[in-house]
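> here is the input, now give the coordinates:
(chains A, B, C and D)
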There are 2 protein chains.
Amino acid sequence: MVAVPARVPEDAVAGLRTLSGRSSTSEQAADALRRHITEGLLRPGAQLREEAVAAALGISRNTVREAFRALSREGLVEHTLHRGVFVRRISAADVVDIYRTRRLLEPLGLRAVADRPRAVAALTQTVTAAETAARAGDWAAVGTADIVFHRTLVDACGSDRLGRLFDQLFAELRLAFAVIDEPRALHEPYVGRNGRIVRFVAAGRAEDACAELDAYLRDAEAQILAALDD
Amino acid sequence: MVAVPARVPEDAVAGLRTLSGRSSTSEQAADALRRHITEGLLRPGAQLREEAVAAALGISRNTVREAFRALSREGLVEHTLHRGVFVRRISAADVVDIYRTRRLLEPLGLRAVADRPRAVAALTQTVTAAETAARAGDWAAVGTADIVFHRTLVDACGSDRLGRLFDQLFAELRLAFAVIDEPRALHEPYVGRNGRIVRFVAAGRAEDACAELDAYLRDAEAQILAALDD
DNA sequence: CTGTATGGATTGTTGAACAATCCGGCAAGG
DNA sequence: CCTTGCCGGATTGTTCAACAATCCATACAG
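Below you'll find the predicted structure:
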């Protein structure tokens, strides 16, 4: 064994992690736009003019264009050559594919969660959060809690990539929500169903939980499709 | 029914598709870089200097930066503030997550493919393509055929979003392949195993097919992890 | 009502400029 | 010998101004 000189124990600096790496102007611009879009301040179909965004953020057109490229890859925004960028409009086909994907993958999370008390507890917590928000009539918060519930479900699979897919998928779903102006009808029915799912899981009735989840997803898809062509 | 004036039959122009939608300079630049990276001409860890790329493609720095933003979102390239962009280095943790995801999702494709003769035929075709390439000693082609096999498998799920996830996932896997310089040892063992999987499926032995697939994925993961820390 | 000009607005792309930051080497000091 | 601090060149981050290409709305003619 080579005689290594006594150095600073590497463990001592291991926890520092990438020093928060700051962020560039274009990333901050992308963050700001992303927030505005997912919060519904920028409606689907709305055009984002380079000059206007640049002026609003106090940055240059070129930097705005960099942010647009990133958001375009994320699917929050659509870029058409020589026409500009528009907040993404979710089509019926998108909704169908989104729910097909969810029906395919969320059951995997359900089975993964079954033998993990901590995950079950996390799910229960999001359900109570949804119930609280529902009592307060804060339907946007109910919708968010619903998303967190299903995101937590997928998390149990332990796959980062799958998690990121669902982050993107739920962001798209928020775009669909944004064009439906009956938030209560949209979110209220599902608070109880999430509760039933988690109770089935806690009781070890995996099959019943999966059936309930599948029914949930089919109903939600039908409801959104119906609301979409108003 | 409204009296619609006799127009050009829509079928006649249906094949034109979005007029090739052309593409901007930055998209073409991204395409070129993407091709170079996935084909292994640009090795992981290699730095892409703005000025050099701009000069090589005959375009301006700003346009190159737009392309970089897109590639960065795709995960082919890593962008570090004030340091530049580098061809993505796949870590051991990445490999673990990639194969965890594959073991989770590919069985879904296997079950979907079972009652679809056309899909089984498509799989068989990729296996024979791999066998032909193997006999010719073209190990890069064997690797591609392997990827096509598993991509086809996932396709059977019918989810575009899942398909896109795997496109990205396989692009990352190619980055891992690029740093391993024993292509034969890397790809040869799996030609036969894919063949066995598809034969199990064709024989209606879904469980055996799943078991073989799972074993395939575990072995491949272990092999890549071993080759990665050389 | 359909088709065709026309002009203004917007996007696509470039080149140059400058500040901020990083990197490598080199000297000073223990 | 190893560390530390400092310097200068190279590279990135960002802006600005300019121009061509393209789109869009409007007006006009058939």
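> quick one: low-confidence residue ranges for chain A.
The model of chain A has pLDDT under 70 over residues A:1-21.
> strands of that one, start to end?
A:47-48, A:77-80, A:84-87 (DSSP state E).
> any chance of TSV for those, columns distance to DNA strand C?
Just so you know, the C-beta spots here come from the backbone N, C-alpha and C atoms, and that holds for glycine as well. Listed next are the strands of chain A as TSV, based on distance: least, CB to the nearest atom of the strand, whole Å:
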stretch	distance to DNA strand C
strand A:47-48	7
strand A:77-80	6
strand A:84-87	3
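> which among these is found nearest to chain B?
For the strands of chain A, proximity to chain B was assessed by CB to the nearest CB; strand A:77-80 is nearest, at 8.4 Å.
> ok, residues contacting the closest one?
Defining contact as CB atoms under 8 Å, 6 or more residues apart in numbering or on different chains, one finds that strand A:77-80 is touched by A:33, A:37, A:48, A:68, A:69, A:71, A:72, A:85, A:86, A:87, A:88, A:89.
> what residues does chain A have near DNA strand C?
Contacts of chain A with DNA strand C, taken as CB under 7 Å from any atom of the strand, map to A:47-51, A:61-62, A:65, A:79, A:81-85.
> residue A:86 and DNA strand D: what is the separation?
Distance of residue A:86 to DNA strand D, computed by CB to the nearest atom of the strand, to the nearest Å: 10 Å.
> before we move on, back to that, tell me the most buried of the strands of chain A?
Across the strands of chain A, the average number of neighbours (mean count of other CB atoms under 10 Å in any protein chain shown) peaks for strand A:84-87, which reaches a mean of 19.
> partner strands of that one and their direction?
strand A:47-48 (antiparallel), strand A:77-80 (antiparallel) (DSSP bridges).
> starting at the chain centroid, how far to the first one?
Distance of strand A:47-48 from the chain centroid (CA atoms, centre = their mean, to the nearest Å) equals 22 Å.
> can you give me the buried ones in stretch A:203-210?
Buried residues in stretch A:203-210, counted by 16 or more other CB atoms under 10 Å in any protein chain shown: A:206, A:209, A:210.
> could you single out the nearest of these to residue B:57?
The shortest approach to residue B:57 among the buried residues of stretch A:203-210 belongs to residue A:210, at 51.3 Å (CB to CB).
> excluding chain neighbours, what is closest to the closest one?
residue A:107 (5.1 Å; CB to CB, 6 or more residues apart in numbering or on different chains).
> equivalent analysis for residue A:99, please.
Leaving aside its sequence neighbours, residue A:99 sits nearest to residue A:221 (CB to CB, 6+ apart; 3.8 Å).
> make JSON lines out of the residues of chain A next to DNA strand C and add distance to residue B:23.
As requested, these are arranged in JSON lines below (distance: CB to CB, whole Å):
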{"residue": "A:47", "distance to residue B:23": "20"}
{"residue": "A:48", "distance to residue B:23": "20"}
{"residue": "A:49", "distance to residue B:23": "21"}
{"residue": "A:50", "distance to residue B:23": "19"}
{"residue": "A:51", "distance to residue B:23": "23"}
{"residue": "A:61", "distance to residue B:23": "20"}
{"residue": "A:62", "distance to residue B:23": "19"}
{"residue": "A:65", "distance to residue B:23": "15"}
{"residue": "A:79", "distance to residue B:23": "11"}
{"residue": "A:81", "distance to residue B:23": "7"}
{"residue": "A:82", "distance to residue B:23": "11"}
{"residue": "A:83", "distance to residue B:23": "14"}
{"residue": "A:84", "distance to residue B:23": "16"}
{"residue": "A:85", "distance to residue B:23": "15"}
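> now do the same contact list for whichever residue of chain A sits closest to chain B.
Here chain A gets closest to chain B at one residue, residue A:73, 3.8 Å apart by CB to the nearest CB. For residue A:73, the contact set (CB under 8 Å, 6+ apart) comprises B:69, B:70, B:73, B:74.
> and the last one, how many neighbours?
To tie it back to what came earlier, the one meant is residue B:74. 17 (other CB atoms under 10 Å in any protein chain shown).
> I'd guessed it sits against residue B:167; true?
No. Using CB atoms under 8 Å, residue B:74 is not in contact with residue B:167; the gap is 9.6 Å.
> domain assignment for chain A?
A:23-87, A:92-228 (automatic domain parsing).
> save those domains as JSON lines, and put in distance to residue B:202 too.
Listed next are the domains of chain A as JSON lines, based on distance: least, CB to CB, whole Å:
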{"stretch": "domain A:23-87", "distance to residue B:202": "37"}
{"stretch": "domain A:92-228", "distance to residue B:202": "23"}
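> of all those domains, which lies closest to residue B:120?
Residue B:120 lies closest to domain A:92-228 among those, at 19.7 Å (CB to CB).
> first vs last residue of the closest one, how far apart are they?
7 Å (CA to CA, to the nearest Å).
> what about it, distance to the chain center?
Distance of domain A:92-228 from the chain centroid (CA atoms, centre = their mean) equals 11 Å.
> quick check: residues of chain A near DNA strand D?
Residues of chain A lying close to DNA strand D by CB under 7 Å from any atom of the strand are A:5, A:7, A:24-26, A:58-63, A:81-83.
> returning to that earlier point: and the buried residues of stretch A:203-210, which of them are in helices?
Taking DSSP state H, the ones among the buried residues of stretch A:203-210 that sit in helices are A:206, A:209, A:210.
> helices of chain A, residue ranges please.
Using DSSP H, helices in chain A cover A:11-14, A:25-38, A:50-57, A:61-74, A:92-114, A:117-136, A:139-155, A:160-178, A:183-202, A:206-228.
> packing partners of the last one?
If contacts are counted by 3 or more CB pairs under 8 Å, 6 or more residues apart in numbering or on different chains; DSSP states H and E, helix A:206-228 sits against helix A:92-114, helix A:183-202.
> could you give me the buried positions within the longest one?
The neighbour-count check on helix A:92-114 (16+ other CB under 10 Å) flags A:94-95, A:97-110, A:112-114 as buried.
> the last one too?
Of the residues in helix A:183-202, those with enough neighbours to count as buried (16+ other CB under 10 Å) are A:183, A:186-188, A:190-191, A:193-202.
> can you tell me how far residue A:99 is from residue A:105?
From residue A:99 across to residue A:105, the span is 11 Å (CB to CB, to the nearest Å).
> I should have written residue A:68 there, sorry.
Residue A:68 sits 30 Å away from residue A:105, going by CB to CB.
> could I get the ones in helices among the buried residues of stretch A:203-210 in a markdown table, plus columns for distance to residue A:225?
Formatted as a markdown table, those follow (distance: CB to CB, whole Å):
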| residue | distance to residue A:225 |
| --- | --- |
| A:206 | 29 |
| A:209 | 25 |
| A:210 | 23 |
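> and which of those residues is nearest to residue A:228?
Here the nearest of these to residue A:228, counting by CB to CB, is residue A:210; it sits at 26.7 Å.
> tell me the contacts of that closest one?
Listed by CB under 8 Å, 6+ apart, the contact set of residue A:210 reads A:107, A:110, A:111.
> cool, thanks, talk later.
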